[in-house]
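Visitor: Give me coordinates for this.
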Amino acid sequence: MIGYIKGKIIGQNDDYALVENSGIGYMVFSNPKVLEKAVGSEVELHTYMQVREDAINLYGFETAAELHFFQQLITVSGVGPKIALAVLSAGDMDLVKNAIINQDAAVFTKVGGVGKKTAERIIVELKEKLGAGAINMAGGKSDDLLGALEALGYSNREIKEVLSKVDHSLASEEKLRQAIKMLGRQ
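Guide: Numbering: from 1, shown residues only. Now for the predicted structure:
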């Protein structure tokens, strides 16, 4: 299995980049963010390797979080790697996660190959898997606060309640203090 590749882009197409590593060129399917990089650019990609009867394909992502979300998407019935990549390419990961949390099927039906039923399946099958980890409050990301509260042993239910009440305009440390105070009152 190839889980990570670092190398130079030596060629591109509409949906893949040719990445050279140690004299070997790997065809890595990726999102527009990666494909916009100029030929000759160095890239580091977390990869998913799909092995089929007729092909072996590599899908590359700039972050481990994007790769993990891609892997969650392909667990949905009717969503293969090409469609999952198209969904991720439709907008940033937070937009897609918020569409799942808010049950906004329109975000998915704009993607080629995704009809209404598949969009609804994505929402139903991933909503529980995403849980509190997908919450992104207006005004800023709550990932750091979420991670800190999880590390302190609070449950996802408690964290969800507090994240909706915390003043997200505060600095990270202040948000954490405020959240802990709120959790202490419960």
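Visitor: for the helix or strand bottoming out on mean pLDDT in the chain, which positions count as buried?
Guide: Within the chain, no helix or strand scores below helix 143-151, which has a mean of 73 by mean pLDDT, DSSP states H and E. Buried positions in helix 143-151, judged by neighbour count with 16 or more other C-beta atoms under 10 Å: Leu145, Leu146, Ala148, Leu149. The C-beta positions use only the backbone N, C-alpha and C, and glycine is treated the same way.
Visitor: on contacts alone, who are the packing partners of it?
Guide: The contact analysis (3 or more C-beta pairs under 8 Å, 6 or more residues apart in numbering; DSSP states H and E) places helix 143-151 against helix 156-163, helix 172-185.
Visitor: what residues does the last one touch?
Guide: Pointing back at helix 172-185 there. 142, 144-145, 148-149, 152, 154, 158, 162-163, 165-168, 170 (C-beta atoms under 8 Å, 6 or more residues apart in numbering).
Visitor: could you give the mean pLDDT of that helix?
Guide: For helix 172-185, mean pLDDT is 81.
Visitor: Just put the helices and strands packed on helix 143-151 in JSON lines and tack on mean neighbour count and distance to Val79.
Guide: Formatted as JSON lines, the helices and strands packed on helix 143-151 follow (neighbours: other C-beta atoms under 10 Å; distance: least, C-beta to C-beta, whole Å):
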{"stretch": "helix 156-163", "mean neighbour count": "17", "distance to Val79": "24"}
{"stretch": "helix 172-185", "mean neighbour count": "14", "distance to Val79": "35"}
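Visitor: Alright, I will stop here.
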